[in-house]
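Engineer: coords please:
(chains A and B)
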Amino acid sequence: MSDHGLLRPVSAFVLILAMAGVSSAFAQGTAEDDPFNAAAFDTTVSASVAPGGQAMTTVLAGGTILVSATAAAPASWNGYSASSSLSGKLFVKLTLPDYGSFYAAYNAVQMVFSGIAGSVAATGPAPDLFAPTFELSELHWSFDIGKQVFVRLGNQLISWGPSRVWTPVDFINLQKVDAFQSVDLRVGKPGLRLHVPLQSANVFLFTDFSGLVDAGSVQDPATSIAYAARFDATVGDVELGLTGFAGVKVQDKLGFDFSGHLLGLNLYGESAYTPAYDSGTQNVAIAVGASRLLGDLKRLTVSSEFFYNSSGSNLTGQYATMAGMQTLNPLYMGQFYGYVSVQASEFPAASLTSGASALANLSDGSFVIRLTESFALQNAVPFGVTVSWSGGGADKEFTWAAGNNSLAVSLTVRADF
Amino acid sequence: MKARVFLIIPMLALFMASTVFAQGAAGPAPSSLRNDPKAASLVSAFESRLNLEGLDLTSTFTLVQKKDGEADRVLQIRVYRRDAADSFTLIFQYPDSEKGKGYWRSKDDLYLYLPTTREFVYRNRKDDVGSTDVRTDTFGSTRLADQYWLNYAGTATVSKWECDVIRLDAKKLDVSFPIQKWYVRKTDGLPVKVENFSASGTLLRTSYYVDYQKVAAEKYLFTKLLAINELEKGQRTFITNEGISTAKIPDYTFSKAFLEEQSR
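Structural biologist: Numbering: from 1, shown residues only, chains lettered A, B, ... in the order given. Okay, the predicted model is just below:
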């Protein structure tokens, strides 16, 4: 047998092996070779999907950081004030199998610049440029009982009611939410919250422990604990809510809210009734709002909100004094307020979002008009610029601090992670 | 005179070639933008099978996004769908970093809920779910005749199936893609392949409907879908749809309040 004769069967064997390999590869295939190969599809997916179903300890951390710089000048231009700060909220959530979740969030604020020049007067204590302020925002433990009752114990913020700017049915939180702040730096309230989801509704109960320690002394729980309850339901396209708040030492409150769609409008409202109690006067507060999306791509949003507060009044000339006594309650001191805004995303260019808004205390006639521009440019840090003008007369809600017809410019950078 | 003719011919050829290239893979636009009855009938037929009016539908989508040279990205989304109200709610369930995010569609309005800021952000149909190659339209019912001009574009073979091809040209701006081609299997009238194009005719994505499940009489739901990003080589998203239930869903599920509640 010649060398060639020996090589032929070997070559044929190798060729058969190679072809077998190739044909085998084709037989198995991949989802890319044949998109309709369901077996290959399943193999690809199962190889990638993380093991699910098994409970495991997880730790999740995140937050929001805001860098801002603001300069303001009175109409006379004979001075200015300027400030800059880093602030943010950082959170961590630990979930343990069988034990539920532990959540902690801290607020941090560090002033990095503060200056006053000319005839502008300081409106508060000087900030500390060396020491940041830390504040516990929320610290709570959440778990469920058979997925029927959801329990949360600890310091927590509560979000009840659909309004954006004025939230009269927010009876529980220590501070009202500030819709114009980029980061919510409020502090939660100690309490126990129960949530029972029903077929088309929800029942919430909140036991407010914040009155248990008053002026450094521990109080009788029977008289110091306050209670809140909320029932909300969806009826057709409308969400309705009924909220109550009561306790021996607190002013009782009853609230109603709704949100829904009508004629292309997103409509919402909240109303609260507070009967007279000790030094507290009877009060009726009503907030109603509407927004509408316009344009083929719904990139234009027009929104408005109005607020009536029966115990509010025109406090012209009293705001500086109230600030000194720390009794200011911004946006809830006048009897009538109004807010309108227009926001256009991807306008005038794809990387820009433009907005204009006006906020007015209709009782004292003061207002603030804001023009905002958010930039999301390629290869640059996203940032926003706001120019605001406060007017309507001196020593009113929006002018007592910076002066009548004052202008302010602020630059903000916000990062969420 | 002859020299001029010789110059004009190559220029004409160049012009024609450039026109063809400008049209790209989508091919030439229909001579007039109107609904071709045959195309409209085919679309109506498959929408009647895929739109689940009269049924509530709950299922879990798993999206596996693969990119060459990068680790796979996995998302799990719980979907609550009520086509009779033209509404759906999506809740992100995996990974933990996305948990609590969700979408809520009510007719033409689509909102993304961001639990970190407790904000509802309005989104349009061009929104890619979780930065994958899938747009929100994939999860709900379709009303293509309201959004597109429909034209019959012949037949083609996709895998082993003979298909009718329908070209869609957008009537309005709020659509997931300006131009689409749907390949509808002749045997059962279900789409097996969809090509998405830019307004200039560039092929952007191709989706393959790998498998369907019958969920009621003459009602189908895709259970496996492969979406290929034609611009990013090697990037594709595998979608499986499991845990399908047609049990009645509480009305409350289709509300902003439900999304807020799920994130807490």
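Engineer: helices along chain B, start to end?
Structural biologist: B:2-23, B:37-50, B:144-147, B:256-262 (DSSP state H).
Engineer: in the third one, what counts as buried?
Structural biologist: By neighbour count, with 16 or more other C-beta atoms under 10 Å in any protein chain shown as the criterion, the buried positions of helix B:144-147 are B:144, B:145, B:147. For the C-beta atoms, the positions are set from N, CA and C on the backbone; glycine is no exception.
Engineer: OK, contacts around the last one?
Structural biologist: With contacts taken as C-beta atoms under 8 Å, 6 or more residues apart in numbering or on different chains, residue B:147 has the following neighbours: B:168, B:170, B:171, B:172, B:174, B:175.
Engineer: avg pLDDT for the helix or strand harbouring residue A:81?
Structural biologist: Using DSSP states H and E, residue A:81 sits within strand A:79-96. Per-residue pLDDT over strand A:79-96 has a mean of 92.
Engineer: that one: which residues count as buried?
Structural biologist: Of the residues in strand A:79-96, A:80-85, A:87-91, A:93-95 count as buried by neighbour count, 16+ other C-beta under 10 Å.
Engineer: which of these sits closest to residue B:163?
Structural biologist: Proximity of the buried residues of strand A:79-96 to residue B:163 (C-beta to C-beta) peaks at residue A:95, which lies at 47.4 Å.
Engineer: circling back: state the pair within the contacts of residue B:147 that is farthest apart.
Structural biologist: Across the contacts of residue B:147 (C-beta to C-beta), the longest gap, 14.2 Å, separates B:168 and B:174.
Engineer: of these two, which one has the most company?
Structural biologist: residue B:168 (25 against 17; other C-beta atoms under 10 Å in any protein chain shown).
Engineer: so the more buried one bridges to which residues?
Structural biologist: For residue B:168, the beta-bridge partners are residue B:150, residue B:180 (DSSP bridges).
Engineer: pretty sure it is touching residue B:184, no?
Structural biologist: No - with contact defined as C-beta atoms under 8 Å, residue B:168 does not count as touching residue B:184 (11.9 Å).
Engineer: re earlier: now distance to chain B too, for the buried residues of strand A:79-96, in CSV please.
Structural biologist: Shown next, in CSV, are the buried residues of strand A:79-96 (distance: C-beta to the nearest C-beta, whole Å):
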residue, distance to chain B
A:80, 32
A:81, 29
A:82, 27
A:83, 24
A:84, 22
A:85, 19
A:87, 14
A:88, 12
A:89, 9
A:90, 11
A:91, 8
A:93, 8
A:94, 11
A:95, 8
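Engineer: how about the contacts made by residue 204?
Structural biologist: By default, I'm working from chain A. Counting by C-beta under 8 Å, 6+ apart, residue A:204 has contacts A:160, A:193, A:194, A:195, A:196, A:228, A:229, A:230, A:231, A:232.
Engineer: that's the wrong chain, I wanted chain B
Structural biologist: Applying C-beta under 8 Å, 6+ apart to residue B:204 gives the contacts B:177, B:196, B:197, B:198, B:229, B:230, B:231.
Engineer: residues in contact with residue 138?
Structural biologist: Since no chain was named, I'll use chain A. A:91, A:103, A:104, A:105, A:154, A:155, A:156, A:157, A:188.
Engineer: my question was about chain B
Structural biologist: Contacts of residue B:138 by C-beta under 8 Å, 6+ apart are B:129, B:207, B:225, B:239.
Engineer: check what pLDDT the nearest residue to residue B:52 once chain neighbours are set aside gets.
Structural biologist: The spatially closest residue to residue B:52, leaving aside those adjacent along the chain, is residue B:83, at 4.7 Å (C-beta to C-beta, 6 or more residues apart in numbering or on different chains). Predicted confidence (pLDDT) for residue B:83: 89.
Engineer: do residue B:176 as well
Structural biologist: 85.
Engineer: same deal with the one 3 residues further on?
Structural biologist: What the model reports as pLDDT for residue B:179 is 94.
Engineer: what bridges to residue A:82?
Structural biologist: Under the criterion used (DSSP bridges), residue A:82 bridges to residue A:71, residue A:115.
Engineer: residue boundaries of the strands in chain B?
Structural biologist: Along chain B, counting by DSSP state E, strands occupy B:56-66, B:73-82, B:87-94, B:102-106, B:109-114, B:119-123, B:148-158, B:161-170, B:179-185, B:191-197, B:203-216, B:219-229, B:236-245.
Engineer: hey, least reliable of these by pLDDT?
Structural biologist: Ranked by mean pLDDT, the strands of chain B bottom out at strand B:119-123, with a mean of 79.
Engineer: list the buried residues in stretch B:199-217.
Structural biologist: B:201, B:203, B:204, B:205, B:206, B:207, B:208, B:209, B:210, B:212, B:215.
Engineer: dihedrals phi and psi, the first one?
Structural biologist: With angles defined as degrees, to the nearest 10, residue B:201 shows backbone torsions of phi 100, psi 10.
Engineer: wait, doesn't it sit right on residue B:26?
Structural biologist: Yes - counting by C-beta under 8 Å, residue B:26 is a contact partner of residue B:201 at 3.7 Å.
Engineer: any common contacting residues for those two?
Structural biologist: In contact with both residue B:201 and residue B:26: residue B:179, using C-beta under 8 Å, 6+ apart.
Engineer: any idea what sits nearest the most centrally placed residue in chain A, other than its immediate chain neighbours?
Structural biologist: Nearest to the geometric centre of chain A sits residue A:184, at 6.0 Å (C-alpha atoms, centre = their mean). Setting aside the residues directly before and after it, residue A:184 is nearest to residue A:177 in space (C-beta to C-beta, 6+ apart), at 6.4 Å.
Engineer: quick check: pLDDT value at the one you found.
Structural biologist: Per the predicted model, pLDDT is 86 at residue A:177.
Engineer: mind listing what the closest residue to residue A:175 other than its chain neighbours touches?
Structural biologist: Closest residue in space to residue A:175, ignoring its immediate chain neighbours: residue A:186 at 4.8 Å, by C-beta to C-beta, 6+ apart. Applying C-beta under 8 Å, 6+ apart, we find residue A:186 in contact with A:137, A:157, A:173, A:174, A:175, A:177.
Engineer: got the phi and psi for the last one?
Structural biologist: Pointing back at residue A:177 there. phi -70, psi 140.
Engineer: can you report how many residues lie near residue B:163?
Structural biologist: 21.
Engineer: check residue A:380 too.
Structural biologist: 9.
Engineer: can you tell me the element it falls in?
Structural biologist: Applying DSSP H and E, one finds residue A:380 in no helix or strand.
Engineer: beta partners of the nearest residue to residue B:62 once chain neighbours are set aside?
Structural biologist: With sequence-adjacent residues excluded and distances taken as C-beta to C-beta, 6+ apart, residue B:62 is closest to residue B:240, at 4.8 Å. Beta-bridge pairing of residue B:240 under DSSP bridges involves residue B:62, residue B:224.
Engineer: residue B:240: neighbouring residues, count only.
Structural biologist: Residue B:240: 22 neighbours (other C-beta under 10 Å).
Engineer: quick one, what contacts it?
Structural biologist: Residue B:240 neighbours (C-beta under 8 Å, 6+ apart): A:42, A:45, B:61, B:62, B:223, B:224.
Engineer: can you give me the helices for the stretch 151-300 of chain A?
Structural biologist: A:221-224 (DSSP state H, counting those that start in this stretch).
Engineer: show me which residues of it sit near chain B.
Structural biologist: For the stretch 151-300 of chain A, the contact set with chain B under C-beta under 8 Å from any C-beta of the partner chain comprises A:152, A:159, A:162, A:184, A:195, A:197, A:199-202, A:232-237, A:239, A:259, A:261, A:266, A:293, A:296-299.
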